[in-house]
Structure formats: C-alpha cells, structure tokens
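Here is the input, now give the coordinates:
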Amino acid sequence: MANKDGKAKAQGGGKIKVADKAEEQPIEEIERLRQEVTALRREKTARKKAEEELRQSEEKYRTILENVVEGYYEVDLAGNFTFVNDSICYNLGYTRDELIGMNNRDYMDEQTAKKVLERFAEVYTTGQPARGFDFEVIRKDGTKLFVSSSVSLVTDSQGEPTGFQGVTMDVTARRRVEEKLRQSEKKYRNILENMTDGYLEVDIAGNLTFFNNSMCEIIGYPRDKMMGMNNRKYMDKENARKVYQTFNKIYVTGKPARGLDWEITRKDGTKRIVEASVSLVRNAQGEPTGFRGVVRDITERKQMEAEKEEMERKAQLATRLSAMGEMASGMIHEINNPLTSVVGFAEILAHKDLPEDAREYATIINNEGKRVASIASRMLNFSRRQKPEIVYTDINKLIEDTLELQTYEMTTGNIKVTAKLDPHLPRTMADPGQLQQVFLNIMLNARAEMRTAHGGGKLSVKTEAIDNTIRISFEDDGPGIPKENLKTIFNPFFTTRKKGEGTGLGLSICRGIISSHKGMIYVESALGKGATFIIELPVVARQRKTTQAGAAIDKPRRPARVRR
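Residues are numbered from 1 along each chain as shown. Purely as a prediction, here's the structure:
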C-alpha cells in the first residue's frame with residue numbers, strides 16, 4: 001500500500017511538476033508583455049513630454065519672435081515669405097496673411113530688389129551670413145523706410161539649402177539723424193572751407209589732423225603735404241617754443257587762449273605773422289585729445305601798425321628836433337659873436353712879430369676857431385633844414401682827408417687803420433661836408449668801441465664800385481653789436497653808452513644824410529666778431545650847375561664830431 005501510495009505520490013508529484021512548468025510559460029510571457037507595455041507607456045510619456053517641451057519651446061521662441069522689436073522673417077529660395085513676425089507686419093504695413101507668399105520685389109523698387117538679390121546670392125554661394133546691410137522698403141501705404149538686415153542660409157537635414165532667414169531693424173530714424181548730421185557737417189565744412197581765416201586741428205603732439213583751405217593758403221603748402229605736419233615744419237625754433245609753451249598752458253588749465261601772435265615761414269621761405277585763438281579738444285570721456293584753433297594772417301595789419309608807429313615816431317622826432325634846432329640856432333648866434341673875436345684876434349696875432357712858438361699857437365687858435373665856426377654854421381644849416389651843397393665829389397679823396405684828420409686820435413688810441421680804396425672808383429654828386437660828417441662819426445664810434453673792448457684794434461676802410469653803386473665799408477674788430485640792437489641802432493636817441501657819453505643822434509643823423517643822397521647805410525655784425533658799417537651811394541653824372549662848387553672838393557671842411 002505504501003509503495004503503491006508512494007508511486008502514486010510520485011506520479012502525482014510528477015504531474016504536478018508538469019502542470020507547474022506549463023503554468024510558468026504564460027507567466028513569463030505576461031511579464032514580458034507587461035514590461036513592453038510599461039516601456040511603451042514610458043516612451044509615450046517621454047514623447048509627450050518631449051512634444052510638450054518642443055511645443056513650449058516653440059511657443060517660447062514664437063512669443064519671443066512676436067514680441068521683439070526687430071523683425072524676423074523666413075523666405076524660400078525664390079525670395080517669397082514663408083514666415084514673418086509681427087514686427088515685419090508692422091514695419092511693412094501688411095497683415096500676416098498678405099505677407100505670406102509675397103516676394104521682396106513687391107515692397108522694393110527695382111534697384112533695391114537687385115541689390116538684395118545680389119546679397120542673398122552671395123549668402124547662398126558662400127554659406128556665410130551677411131550682416132548689417134541697409135536697404136529701402138516701401139510700405140503698403142506708399143511711405144518709405146530704411147531697414148538694416150542680417151541674413152543667413154537655411155538648410156534641411158541633408159544640408160541642402162531650402163531658403164533664408166533674417167532679422168531686420170527699422171533704421172529710418174537713424175538714417176534721418178545721419179542725414180541731418182551729414183547735412184550739418186556739409187554746412188559747416190562749407191563754412192570752414194570758404195572762410196578767409198584758417199582753421200586747424202592738431203593732436204597732442206602738435207601734428208595737423210584737420211585744416212581748411214585757408215590754412216593751406218596761409219602756410220603755403222598743398223593739402224596732401226600738410227596732413228600730419230608738425231608746427232616745427234613751418235616755424236623757427238623760437239616761435240615753435242612759444243607755441244609749445246602756449247599749448248602746454250592750455251592743456252594744464254583747460255582754458256582757451258586768444259590773440260596769440262606767431263611768425264610762420266611759408267613753403268617759399270617768406271615770413272608771415274599770424275594771430276591765433278586756440279582751445280582744447282576732449283573726447284567723450286573728457287580726456288584731452290588735441291587742440292583746435294582759428295588762425296588769421298595779420299602781416300599787413302602789423303606792417304600798417306609799424307608804419308603808423310614810425311610816422312608817430314618821426315612826428316615826435318620832428319617836434320624834438322625842431323625844438324633842438326630853435327635852441328641850437330639861438331646858441332650859435334650867441335657863440336658866433338665871441339668866436340668872431342677869437343678868430344680875428346688870433347689871425348692878427350699870427351701876423352705879428354712874435355716868437356715862432358707864439359705865432360704857431362696863434363695859428364692853431366685861428367684854425368680851431370674857424371673849425372668851430374664851421375661846425376656852428378653846419379649846425380645852424382641843419383636846424384634850418386637847408387639843402388645840402390651838392391658838388392662833384394671824389395669819395396676816395398674825401399676818405400683820405402677824413403683819415404688824415406683822425407691820424408693822431410687813431411694812433412694815440414692804439415688803432416691801426418688800413419685803407420683799400422678802388423683807384424677806378426667813379427665820382428658822384430654829393431655834399432662832401434655831410435659825407436665827411438658820416439665817415440667821421442662811424443670812425444669815432446669804432447674807435448670808442450674797440451678801445452672799450454680791448455684797448456685798441458684794427459679799422460679797415462674799403463671802397464669799391466658794384467654795378468652803378470659806390471660802396472664804402474668800415475670794418476672794425478670791436479665787440480660787435482647784439483642781435484636785438486641791430487634793428488634799432490639807427491633810431492634817434494638810441495644809445496648803448498652811459499649817461500652823458502652820447503646823445504643817440506649820431507647814427508640817426510648819418511642815416512638821414514645818406515637817405516638825402518638817395519643812398520643806404522646798414523650794418524653787419526655778430527656779437528664778439530666786430531662790426532661792418534656799409535654805405536652805398538648811387539653814381540651820379542657830373543652836373544654843370546651845382547649849388548656851390550669849389551674848394552670843398554679839395555679841402556673838405558671838418559664836420560662836427562657826432563657820436564652815437
């Protein structure tokens with residue numbers, strides 16, 4: 001029974017195992033199906049989530065595109081709109097439905113459409129975006145506006161071009177401002193180019209960065225040569241230094257400077273005087289970047305002012321000389337009375353039976369008295385402004401006589417005198433007494449300067465004929481004349497001597513005498529290298545009738561010693 005039961009149990013158990021195995025297969029399938037369903041549900045959920053995210057993303061960017069001020073558009077390869085945002089509709093004045101499918105030729109003129117097509121073709125060919133190109137569009141109501149656009153190529157998943165997308169911005173207001181600015185610049189440029197005053201702008205270093213036509217005319221250089229030119233190019237060192245100091249002061253203080261006078265040198269070498277007003281130029285941050293200025297050529301005005309001053313000076317001089325002349329006239333009349341007695345009695349004594357030395361002294365008194373009388377007479381004539389005694393004169397003989405008169409003073413003053421006189425020097429019509437006065441004054445001045453400088457020296461006198469001019473030069477090896485005195489040395493009352501040693505009239509009178517002879521007198525000198533006074537007289541043919549011909553040619557009278 002047990003075995004039977006056991007067998008039965010065993011068989012029963014086996015059947016149960018078979019039954020369990022059969023039951024396992026449906027369970028596994030169900031589990032697999034369940035997993036697949038779960039995976040599908042997850043995939044669906046993920047897809048829905050992705051679709052939702054995509055929808056949200058599209059909605060987000062669509063919202064952005066619809067709300068941005070810039071216009072966004074998409075067109076196919078033929079240039080027909082396939083998408084536009086609200087800004088495009090607003091800018092062009094059409095509804096979205098009207099714009100979709102519209103070609104760019106429908107809202108552009110022919111020339112603009114051609115330009116846009118060329119730019120799109122360039123983007124299509126190169127694949128590179130085009131940014132910031134401006135063109136004009138025509139709104140639905142016929143008004144025009146300017147837009148600035150950036151365009152890029154659109155491709156499909158295989159990389160094939162399907163169209164274009166772009167962003168536009170209405171720049172009409174900006175273009176109007178730019179046009180107004182351009183017109184304003186044109187207006188003020190025309191003003192600058194047509195004004196007679198020069199206008200310039202320079203950088204911090206003083207190099208020209210902008211200037212008008214008048215500035216070119218003032219400096220004398222062409223425009224292409226002036227750009228970048230530094231002020232040292234058209235100024236000497238002294239004036240360039242003055243300009244630097246002025247600009248530096250403006251830079252430090254920030255205050256403009258007006259009424260500045262400078263001397264410039266034009267390209268042709270001529271000198272001009274300019275008046276300038278200069279101010280500082282700053283950038284948007286307030287930092288100095290250069291200078292700007294207005295320049296006016298005042299050369300003629302300065303010359304007129306100088307002529308006016310010269311006329312006033314001459315008028316003052318004439319007044320002073322007139323007063324001196326009246327005073328001298330009275331003094332000379334007073335001197336002449338006792339002088340006549342001195343000369344007369346000296347001449348009587350010279351013929352008396354006196355010792356030889358007494359007669360010699362009487363002769364000297366007589367000669368010197370006559371010399372004083374001659375000086376007095378000449379001063380009286382000068383004060384009365386009488387015409388000079390013009391006679392046919394041998395300049396060489398006149399110089400020899402003057403040197404002879406000064407032999408003693410030059411020798412005792414340790415002055416070595418050499419004369420190089422042209423033997424073929426032509427004669428001329430002149431007043432020998434007045435010329436001798438000039439020669440004597442120059443020689444005495446040279447003697448005084450050389451003795452003061454080094455206790456003696458050398459004086460060289462030379463005559464020569466150049467063209468139709470007689471040139472007489474007096475060259476000394478004295479201390480020379482300072483540069484600042486060369487322009488004023490012939491002015492009345494100018495003197496470098498101590499008080500009481502000179503009147504300052506000597507060289508002024510010399511210049512007046514030479515001018516009355518239609519000649520010139522000038523000086524060449526450098527400090528420490530002596531001085532050379534040069535007299536140039538025109539050669540004048542002998543005239544038959546003269547004011548007073550005679551012995552003055554052979555024995556010129558001894559003029560007064562006029563010192564500067």
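
Could you use CA atoms for every contact and neighbour count after this?
Will do.

pretty sure residue 434 is touching residue 515, no?
No: between residue 434 and residue 515 there is no contact under C-alpha atoms under 8 Å: 11.6 Å.

Tell me where the stretch 351-500 of the chain has strands.
If DSSP state E, counting those that start in this stretch is used as the criterion, the strands of the stretch 351-500 of the chain fall at 391-393, 415-420, 428-430, 457-466, 469-476.

Dump the ones you listed to CSV, plus mean pLDDT.
Shown next, in CSV, are the strands of the stretch 351-500 of the chain (pLDDT from 0 to 100):
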stretch, mean pLDDT
strand 391-393, 91
strand 415-420, 93
strand 428-430, 93
strand 457-466, 94
strand 469-476, 95
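
In JSON lines: those, plus mean neighbour count and distance to residue 507.
Below are the strands of the stretch 351-500 of the chain laid out as JSON lines (neighbours: other C-alpha atoms under 10 Å; distance: least, C-alpha to C-alpha, whole Å):
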{"stretch": "strand 391-393", "mean neighbour count": "22", "distance to residue 507": "22"}
{"stretch": "strand 415-420", "mean neighbour count": "16", "distance to residue 507": "21"}
{"stretch": "strand 428-430", "mean neighbour count": "22", "distance to residue 507": "19"}
{"stretch": "strand 457-466", "mean neighbour count": "19", "distance to residue 507": "18"}
{"stretch": "strand 469-476", "mean neighbour count": "22", "distance to residue 507": "14"}
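
Name the residues of the host helix or strand of residue 245 that are buried.
Taking DSSP states H and E as the criterion, residue 245 maps to helix 237-253. By neighbour count on 16 or more other C-alpha atoms under 10 Å, the buried set for helix 237-253 is 239, 240, 243, 244, 247, 250, 251.

for that helix, packing partners?
strand 257-265, strand 271-282 (3 or more C-alpha pairs under 8 Å, 6 or more residues apart in numbering; DSSP states H and E).

and residue 434 and residue 515? which has more neighbours close in?
Taking neighbours as other C-alpha atoms under 10 Å, residue 434 and residue 515 compare with residue 434 leading, 24 against 13.

need the helices for the chain, in chain order.
2-67, 86-92, 96-99, 110-126, 172-194, 213-219, 223-226, 237-253, 299-350, 356-383, 395-405, 407-412, 432-454, 506-516 (DSSP state H).

JSON lines for the ones you listed, including mean pLDDT and distance to residue 165?
JSON lines is the format used below for the helices of the chain (pLDDT from 0 to 100; distance: least, C-alpha to C-alpha, whole Å):
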{"stretch": "helix 2-67", "mean pLDDT": "61", "distance to residue 165": "13"}
{"stretch": "helix 86-92", "mean pLDDT": "87", "distance to residue 165": "13"}
{"stretch": "helix 96-99", "mean pLDDT": "92", "distance to residue 165": "15"}
{"stretch": "helix 110-126", "mean pLDDT": "91", "distance to residue 165": "10"}
{"stretch": "helix 172-194", "mean pLDDT": "78", "distance to residue 165": "22"}
{"stretch": "helix 213-219", "mean pLDDT": "88", "distance to residue 165": "49"}
{"stretch": "helix 223-226", "mean pLDDT": "88", "distance to residue 165": "46"}
{"stretch": "helix 237-253", "mean pLDDT": "90", "distance to residue 165": "53"}
{"stretch": "helix 299-350", "mean pLDDT": "78", "distance to residue 165": "67"}
{"stretch": "helix 356-383", "mean pLDDT": "76", "distance to residue 165": "104"}
{"stretch": "helix 395-405", "mean pLDDT": "88", "distance to residue 165": "103"}
{"stretch": "helix 407-412", "mean pLDDT": "84", "distance to residue 165": "107"}
{"stretch": "helix 432-454", "mean pLDDT": "88", "distance to residue 165": "96"}
{"stretch": "helix 506-516", "mean pLDDT": "85", "distance to residue 165": "92"}
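
out of those helices, which comes closest to residue 141?
helix 86-92 (8.8 Å; C-alpha to C-alpha).

Which strands or helices does the closest one pack on?
Secondary elements touching helix 86-92 (3+ C-alpha pairs under 8 Å, 6+ apart): helix 2-67, strand 71-76, helix 96-99.
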